[in-house]
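J.: sharing a sequence plus its predicted fold:
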Amino acid sequence: MAKTVGIGKIKRFITAVPRVWRLLSSSRVPLKEKLLFVIPAAVYWVMPDVLPLIPLDDIAVTLLLAGWFATRMEKKYGEDAPVLKK
C-alpha cells in the first residue's frame, strides 16, 4: 500500500532553498556540516547526466538533498540558527 505524503512534508521541501541558504550562512553550523550539502549537490550537477541538457533530475535531487540537509541541521542546531553578519 502506498504511503501518502503530508502537506507539511511538501511545504518543507518547497521552503528548502531559503532554509538551506540560512543554514549555510549561519555561524552555528560548522563548515564540515555545510559540506554535507554542498559537495554532493555539486558532484551531482557535474557528473554525466541521465537526461543531458535537461536539468530536471538535477533540480529534483538537489531539492531532495536540500530538504534532508535543512531538516537535519535544524534538528541539530535549531531552526533559529543565526546568520553571519558581514
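T.: Cool, got the structure.
J.: tally of neighbours for P52?
T.: By other C-beta atoms under 10 Å, the residues close to P52 number 7. (Glycine included, C-beta is placed from N, CA and C.)
J.: please apply the same query to T62.
T.: Residues near T62, counting by other C-beta under 10 Å: 20.
J.: and the pLDDT for the residue nearest in space to the middle of the chain?
T.: Nearest to the geometric centre of the chain sits A66, at 1.1 Å (C-alpha atoms, centre = their mean). We have a pLDDT of 91 for A66.
J.: R28 now?
T.: 88.
J.: mind checking how far it is from V61?
T.: 26 Å (C-beta to C-beta, to the nearest Å).
J.: next: R19.
T.: 17 Å.
J.: can I get the helix ranked longest in the chain as CSV, trimmed to CA atoms?
T.: The single longest helix within the chain, with elements called by DSSP state H, is helix 56-77. This file holds the C-alpha atoms of helix 56-77, laid out as CSV (Å, rounded to 0.1, in the frame of the first residue of the first chain):
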residue,chain,number,x,y,z
LEU,A,56,15.1,18.4,-14.2
ASP,A,57,16.7,15.4,-12.4
ASP,A,58,19.5,17.6,-11.1
ILE,A,59,17.0,20.0,-9.7
ALA,A,60,14.9,17.2,-8.1
VAL,A,61,18.0,15.6,-6.5
THR,A,62,19.2,19.0,-5.2
LEU,A,63,15.8,19.8,-3.7
LEU,A,64,15.6,16.3,-2.0
LEU,A,65,19.2,16.8,-0.7
ALA,A,66,18.3,20.4,0.4
GLY,A,67,15.2,19.2,2.3
TRP,A,68,17.2,16.4,4.0
PHE,A,69,20.1,18.8,4.9
ALA,A,70,17.7,21.6,6.2
THR,A,71,15.7,19.2,8.4
ARG,A,72,18.9,17.5,9.8
MET,A,73,20.6,20.8,10.6
GLU,A,74,17.5,22.4,12.1
LYS,A,75,17.1,19.4,14.4
LYS,A,76,20.8,19.6,15.4
TYR,A,77,21.3,23.4,15.6
